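**Student:** 3D, please:
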Amino acid sequence: QAVRLWVDDASALAWLAPGGAAGVQVMRWDDAAMALPDATTPGDCVVEAFGCDPPPAFVARMAQPPVPPVWINLEYLSAEVFVERAHGLRSPQSGGPGAGLSKWFFYPGFSDRTGGLLQTDQPGAATRADTPHWLARQGWAARSGERSVLVFGYDNPALPALLQALATRPTLLRLMPGPPCQPVLAARWPDTLRLLPLPYVPQPDFDRLLAASDLNLVRGEDSFVRAQVVSDAPFLWQIYPQHDGAHAAKLDAFVAQALAGADAALAGAVSAAFRACNGLAAWPEALGSLLDGPLWPRWQAWQRGWRAGLAAREDLADRLIAFAAERASTPTSTRQG
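**Tutor:** Modelled structure (predicted):
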């Protein structure tokens, strides 16, 4: 596919994807420039991601004949029950510059009744085999007997208690850039914790770090997904906090879906740890058992099974292409959500 990526700040791509990608053109998102009559015309499919509405003048060009583009609203990832119900629904535009067009809702998710997850570009067998040597060359390898933990998060008052719990045995903390990095580096920790601040890295290298860790502490949406699809390691997710507390329901919905069928002791401990990691509860008494005791191998096995289940589902990009192609070939009046 030929892709134009409109973005208001592309600076992160310099380290996230320094080599670019074949077929992808990065465009500066500027409402004034996109409103000019000679601005780039809309493509066959227009995807608005995370609630970024295209400028009205751009939408007006989308509504011009002869054939309007397929207009898709790529929503935020959630495991809440409404996602399966809302995925694929059509939203007819009755007014404004896009009057007469249809916008389609496309929801990422964890079941076959959603848009799925991005699972492309996973490390191949050769990359996985080379990762220990790659870590050693970078000076990022764990020492013999050391547990390795990747830390990538938002500011988190609950993090120090977790790190103290991890200090019960030798542990390497690979600290990715972000709010927790400096406070962790400035604090005093037991000698069993070895702190390793890392630079920003390209996405493939971040995937390698996730796959090489024994435990991943991740945040937001993308690193949360990558921790599940490229690594067999257990993880704790720091969800993006919302001022109205809506993130608590999103967190609980994911944990309930990911741990469905797990035994009560494991499900209870992992669920409590997820909530504690997000400041929604105190760290559970079973935290030690979860990190070092009998619950740890059961958590590892559960994560391997969860990852295998996700890998058996179609990739989000493939589903998105098929979704757009189907609606492009079907008259709007007969399209169904």
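
**Student:** tell me the pLDDT of Leu259.
**Tutor:** Note for Leu259: predicted pLDDT of 97.

**Student:** now the closest residue to it other than its chain neighbours: which helix or strand?
**Tutor:** Spatial nearest neighbour of Leu259, excluding adjacent residues (Cβ to Cβ, 6 or more residues apart in numbering): Ala267 at 4.4 Å. From N, CA and C alone the C-beta is placed, and that goes for glycine too. Using DSSP states H and E, Ala267 sits in helix 264-277.

**Student:** only the buried residues of that helix, if you could.
**Tutor:** By neighbour count on 16 or more other Cβ atoms under 10 Å, the buried set for helix 264-277 is Leu266, Ala267, Gly268, Ala269, Val270, Ser271, Ala272, Ala273, Phe274, Arg275, Ala276, Cys277.

**Student:** quick one: contacts of that helix?
**Tutor:** Defining contact as Cβ atoms under 8 Å, 6 or more residues apart in numbering, one finds that helix 264-277 is touched by 156, 158-159, 161-162, 217, 234, 236-238, 251-252, 255-256, 259, 262, 281-284, 286-287, 289-290, 295, 298-299, 302.

**Student:** what about the residue nearest to Leu259, distance to Glu285?
**Tutor:** Distance, Ala267 to Glu285, by Cβ to Cβ, to the nearest Å: 15 Å.

**Student:** same question, Leu310
**Tutor:** 30 Å.

**Student:** so which of these two has more stuff around it?
**Tutor:** A side-by-side neighbour count of Leu310 and Glu285, using other Cβ atoms under 10 Å, places Leu310 first with 16 against 9.

**Student:** report the secondary structure element holding the more buried one.
**Tutor:** Using DSSP H and E, Leu310 falls in helix 295-311.

**Student:** let's see the following helix or strand past that helix as CSV, backbone CA atoms only.
**Tutor:** Moving toward the C-terminus from helix 295-311, the next helix or strand (DSSP H and E) is helix 316-328. This file holds the C-alpha atoms of helix 316-328, laid out as CSV (Å, rounded to 0.1, in the frame of the first residue of the first chain):
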residue,chain,number,x,y,z
LEU,A,316,-4.7,-5.5,12.6
ALA,A,317,-3.1,-4.1,9.4
ASP,A,318,-4.4,-7.0,7.3
ARG,A,319,-7.9,-6.6,8.8
LEU,A,320,-7.8,-2.9,8.2
ILE,A,321,-6.9,-3.4,4.5
ALA,A,322,-9.6,-6.0,4.0
PHE,A,323,-12.2,-3.8,5.8
ALA,A,324,-11.4,-0.8,3.6
ALA,A,325,-11.4,-2.9,0.4
GLU,A,326,-14.8,-4.5,1.2
ARG,A,327,-16.4,-1.1,1.8
ALA,A,328,-14.8,0.4,-1.3
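
**Student:** helix 316-328 packs against which elements?
**Tutor:** strand 45-49, strand 70-74, strand 102-106 (3 or more Cβ pairs under 8 Å, 6 or more residues apart in numbering; DSSP states H and E).

**Student:** to Gln242, which of these lies closest?
**Tutor:** strand 45-49 (18.2 Å; Cβ to Cβ).

**Student:** how far off centre is the closest one?
**Tutor:** 18 Å (Cα atoms, centre = their mean, to the nearest Å).

**Student:** tell me the buried residues in that strand?
**Tutor:** Cys45, Val46, Val47, Glu48.

**Student:** partner residues bridging the closest residue to the third one other than its chain neighbours?
**Tutor:** Once its chain neighbours are removed from consideration, Val47 has its nearest residue in Ile72; the separation is 4.8 Å (Cβ to Cβ, 6+ apart). Counting by DSSP bridges, Ile72 forms beta bridges with Val47, Trp104.

**Student:** contacting residues for Ile72?
**Tutor:** Taking Cβ under 8 Å, 6+ apart, one finds Cys45, Val46, Val47, Glu48, Lys103, Trp104, Phe105, Phe106, Leu320, Phe323, Ala324 in contact with Ile72.

**Student:** quick one: it from Ser329, how far?
**Tutor:** For Ile72, the distance to Ser329 - Cβ to Cβ - is 15 Å.

**Student:** could you do Leu16 as well?
**Tutor:** 34 Å.

**Student:** so for these two, which sits in the more crowded spot?
**Tutor:** Leu16 (14 against 9).

**Student:** residues near the nearest residue to the more buried one once chain neighbours are set aside, how many?
**Tutor:** Nearest in space to Leu16, with sequence neighbours left out and distances taken as Cβ to Cβ, 6+ apart, is Gln203 at 5.6 Å. Gln203 has 14 neighbouring residues, counting by other Cβ under 10 Å.

**Student:** show the contacting residues for Gln203.
**Tutor:** By Cβ under 8 Å, 6+ apart, the neighbours of Gln203 are Leu16, Ala17, Asp121.

**Student:** list the buried residues in the helix or strand just after the helix holding Ala267.
**Tutor:** Next helix or strand after helix 264-277 toward the C-terminus (DSSP H and E): helix 287-291. Across helix 287-291, burial judged by 16+ other Cβ under 10 Å covers Leu287, Ser289, Leu290, Leu291.

**Student:** average pLDDT across helix 287-291?
**Tutor:** Helix 287-291 comes out at a mean pLDDT of 96.

**Student:** which strands and helices sit next to that helix?
**Tutor:** Short answer (3+ Cβ pairs under 8 Å, 6+ apart): helix 287-291 packs on helix 159-166, helix 264-277, helix 295-311.
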